[in-house]
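any chance you could fold what I've pasted below:
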Amino acid sequence: MSHFVGGVSAWAPDGVGEIGEGDDLAVLLLAALSNDAEIGQLADGDIVVVTSKVVAKAEGQVRASTREAELPGETRRVVARRGATTIVRNRLGLTMAAAGIDASNVAPGHVVLLPLDPDASARALRVAIAERAAVNVGVIVTDTAGRAWREGQTDIAIGAAGVIVTESFAGQVDEYGNSLLVTAPAVADEIAGLAELATGKLGARPFALVRGRADLVLPSGRHGSGASTLIRAEGSDFFGYGAREAVLRALIGDEADRAPFGSAAATEELAAAVARTTGLVAVPEDGGLSVETGDPSALVVLGALTFAYGWRPEMDPVRDIAHLRPLNP
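Coordinates of the predicted model:
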């Protein structure tokens, strides 16, 4: 099956059987390609896209278990819960429903975990293809994920080797003379989405070949930064917790929860938030703020507010004044 997007082509060969632990994915891929007259042979500059599920199966990541039983071990922290759905930041740093644990296309009573190190898996497959077929290709390992702002799911790159994962247009000028400041397409994710159009979800086609973007493929021996560099660091994604969970974590004020809230907000930003939530005036003092609290209930609000904004309240031992200090001034 093939799809064409501009000058970019994507094929997904048929005839790939069930993958088991220890199977050689390079051998299976090359065999599937050789049996497909439309695709032909791999060439330098091609990008091989493989689903994380078959990588995980080959690496022995299938468990006779359930999502619920495996979730704690795959979870770094819970982001949000809504009914039966649990969104977590998993051990790879990816934010996914059920940590990316999959119960589809696997025997009943079993689940498939994500590969232990998808970037390393991509590197190993790239090296194996080079050894067997003497071609320099890029490799992307994909998984399906939802998006916080949009319905539906799409495939994304969770592992990559020999591929530029983001293009940077910062500093360039468009046709109208406007400077491009932060334009950086996540091309590895775009390729993952294109490949999924060819593989489909139910066609037993776990491999795809994308041709037409040889400019993204690195020279032999250079594997690049990997897809892990596409993951935003804790505190920099703006959505470290779901809406309900953010309120709850701020009220609890556990020090272990600070990182997802990000770095300390600017003094002016916190002062405005204090005024909006309590009606109190925060006065600048010595790199921080002071607030005459008066009403004891205001202390609860100030505690949660300063926690969420990356500050800390210190009560004056004599007067009803809270001194607010940023954690990382």
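
what's the spatially most central residue of the chain sitting at in phi/psi?
By Cα atoms, centre = their mean, the mean C-alpha position of the chain lies nearest to residue 94, the distance being 4.0 Å. Main-chain torsions, residue 94, degrees, to the nearest 10: phi -80, psi 140.

that one touches residue 158, doesn't it?
Yes - judged on Cβ atoms under 8 Å, residue 94 makes contact with residue 158 at a distance of 6.3 Å. C-betas here are computed from N, CA, C, even on glycine.

tally of neighbours for residue 124?
When counting by other Cβ atoms under 10 Å, one arrives at 17 neighbours for residue 124.

who's in contact with the helix or strand harbouring residue 249?
Using DSSP states H and E, residue 249 sits within helix 243-252. Helix 243-252 has contacts (Cβ atoms under 8 Å, 6 or more residues apart in numbering) with 78-81, 240-241, 257, 260-261, 300, 303-305, 307-308.

next SSE after that helix?
helix 267-278.

low-confidence regions, this protein specifically.
Under the criterion pLDDT under 70, the flagged ranges of the chain are 1-6, 169-171, 180-183, 202-203, 329.

select the longest helix from the chain.
Taking DSSP state H as the criterion, the chain has its longest helix at helix 118-133.

return the distance of that one from the chain's centre.
22 Å (Cα atoms, centre = their mean, to the nearest Å).

send me the helix or strand following that helix as CSV with only the CA atoms.
For helix 118-133, the succeeding helix or strand toward the C-terminus, using DSSP H and E, is strand 138-147. C-alpha atoms of strand 138-147 as CSV (Å, rounded to 0.1, in the frame of the first residue of the first chain):
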residue,chain,number,x,y,z
GLY,A,138,17.0,6.6,8.8
VAL,A,139,14.8,4.7,11.3
ILE,A,140,11.8,6.0,13.3
VAL,A,141,9.9,4.0,15.9
THR,A,142,6.3,5.2,16.3
ASP,A,143,3.4,5.0,18.7
THR,A,144,-0.1,6.4,18.8
ALA,A,145,-0.9,9.3,21.1
GLY,A,146,-3.8,11.7,21.7
ARG,A,147,-3.4,15.5,21.7
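
partner strands of the very next helix or strand once past strand 138-147, with direction?
Counting by DSSP H and E, the next helix or strand C-terminal to strand 138-147 is strand 150-161. Taking DSSP bridges as the criterion, strand 150-161 forms sheet pairs with strand 138-147 (antiparallel).

sorry, back to before: how far does the helix holding residue 249 sit from its chain's centre?
So, by Cα atoms, centre = their mean, the centroid of helix 243-252 is 22 Å from its chain's centroid.
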